[in-house]
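> Everything below, folded, please.
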Amino acid sequence: MLNRLILPVLNRCEVCKKSESVHGADAGHKYKRDASLPEWHGWHAFRRGLATNLYRLGVPDKTIQAILRHADVTTTMKCYVKTTRPDVKAGMEKFETDLENRLSDSNRTVKAALPASAHPV
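Residues are numbered from 1 along each chain as shown. Predicted coordinates for the structure are as follows:
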């Protein structure tokens, strides 16, 4: 999942928006990672971000525990869910909206570059 889905979206060229894995010498420019996208910081950071976002969305603590497959809800809430001040939350919501817009643009670019046979029916 990491190499197939996550990294291709996060590691794309700043110029042509192609993922690093498909960026070739025929692109006419040297690959440069798009610094406006977040960097991958590992599965623990991913799980902590997932837990925190689920909590912010109002998902019950026990449900988050089940999703993360923790034996004890205390581990989930103490080590994985990070609460934030309202101004930090507002900033992250703005960031999420911007990221969603960028990912939508990226997906449209990638789909347009794929042959018609690669598009889902």
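
> Show the low-confidence segments of this structure, by residue range.
106-121 (pLDDT under 70).

> And the strands in it?
Counting by DSSP state E, no segments of the chain form strands.

> Show me which helix runs longest in it.
Secondary structure of the chain per DSSP state H: the longest helix is helix 86-113.

> Figure out how far it is from the centre of its chain.
9 Å (CA atoms, centre = their mean, to the nearest Å).

> Also stretch 44-55?
11 Å.

> all numbers from here: first residue = 49
That works, and once the first residue is 49, the last one we named lands at stretch 92-103.

> could I get it in PDB with only the CA atoms?
Output of stretch 92-103 as PDB, limited to C-alpha atoms (Å, rounded to 0.1, in the frame of the first residue of the first chain):
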ATOM      1  CA  HIS A  92       3.500   5.300  13.500                       C
ATOM      2  CA  ALA A  93       3.000   8.900  12.500                       C
ATOM      3  CA  PHE A  94       0.300   7.700  10.000                       C
ATOM      4  CA  ARG A  95      -1.500   5.800  12.700                       C
ATOM      5  CA  ARG A  96      -1.300   8.700  15.200                       C
ATOM      6  CA  GLY A  97      -2.600  11.100  12.600                       C
ATOM      7  CA  LEU A  98      -5.400   8.700  11.700                       C
ATOM      8  CA  ALA A  99      -6.400   8.300  15.400                       C
ATOM      9  CA  THR A 100      -6.300  12.100  16.000                       C
ATOM     10  CA  ASN A 101      -8.400  12.800  12.900                       C
ATOM     11  CA  LEU A 102     -11.000  10.100  13.800                       C
ATOM     12  CA  TYR A 103     -11.200  11.600  17.300                       C
END
